[in-house]
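**Q** Got a predicted structure here, sequence first:
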Amino acid sequence: MSLKILKHLINCESEVIDMVDMNAVNPIIGDPTSITAISFYQTRDTLMDTEEYSKFIYSVENQFRRSRFYKDYKGSIMNRGIDFDQIMRNINGEMADIEMHHMLPTLKDAAIAISEYYLITTGKVCTFDVIKALEEAHRENMMAVVMLTSTMHQNVHQDPNAFIPISMCYGNPFKFLDKYGKYFSLDIAFKWLLQFKQEEQHNYKVYWPNIARAREQLLDWSNSGYIQY
């Protein structure tokens, strides 16, 4: 990263920029008037506090949802003819606002898994890394998304028993599992296993071979200690 980019990012005076340690693996921005410093990357140590970790994930989600890529991706799906509520299929974009719901994984869970991937494999992570990986995951159709009205979207988030079959979604979440499944938390892994159980209970057979393989992956990774606690 260049000094010019860092200066643009933090928009501070030149004497503060002079305190940047550009030789470090993790560039640090210091202020001569303060005893604290800001590191460009987050590490396991800086994210040890659960509140700080939550703030980091929220920042990733917020920036991604507000990005041009997000708007264009949603628009590309609607241009394919999925411009209606996929649960209440008689309601289209001319009748109500249509929103994109990340079903499996949720956007938050994807951000967490990707962050863990970087922390474990490189020892550091920043919002730009995670957002770039989220964009790739969407471009490669690794995220199962479904179009819903704002009201239905809210209801799905509020109902812990809400079920949407994978076959209703746009995208292949098993590709995301193959790449990032080892970096799931137990909570995220449980959500996927619950989804698989509901698919079987409702007799949705389209993805049964994929579900059987994915269940084995999650259980194997959990037993071998890959899934993070």
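**A** Great, that's in hand.
**Q** Tell me where this protein has strands.
**A** Here the chain has its strands, by DSSP state E, at 28-30, 37-39, 98-104, 144-149.
**Q** domains of the chain?
**A** Using automatic domain parsing, the domain parsing of the chain gives 1-40, 41-181.
**Q** can you count the residues close to residue 49?
**A** Using other C-beta atoms under 10 Å, residue 49 has 10 neighbouring residues. Quick note: C-beta positions are derived from backbone N, CA and C, even for glycine.
**Q** again, but for the one 5 residues further on
**A** Taking other C-beta under 10 Å as the neighbour definition, residue 54 ends up with a count of 13.
**Q** ok, now residue 115?
**A** So residue 115, with other C-beta under 10 Å, has 23 neighbours.
**Q** Return the most buried member of the domains of the chain.
**A** Mean neighbour count (mean count of other C-beta atoms under 10 Å) peaks for domain 41-181 among those, with a mean of 17.
**Q** what about that domain, start to end distance?
**A** Domain 41-181 has its terminal residues 23 Å apart, counting by C-alpha to C-alpha, to the nearest Å.
**Q** Low-confidence bits of the protein, can you list those?
**A** Scanning the chain for pLDDT under 70 picks out 1-39, 224-229.
**Q** how about the domains of the chain in a markdown table, adding distance to residue 213?
**A** Compiled in a markdown table, those are given as follows (distance: least, C-beta to C-beta, whole Å):
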| stretch | distance to residue 213 |
| --- | --- |
| domain 1-40 | 38 |
| domain 41-181 | 8 |
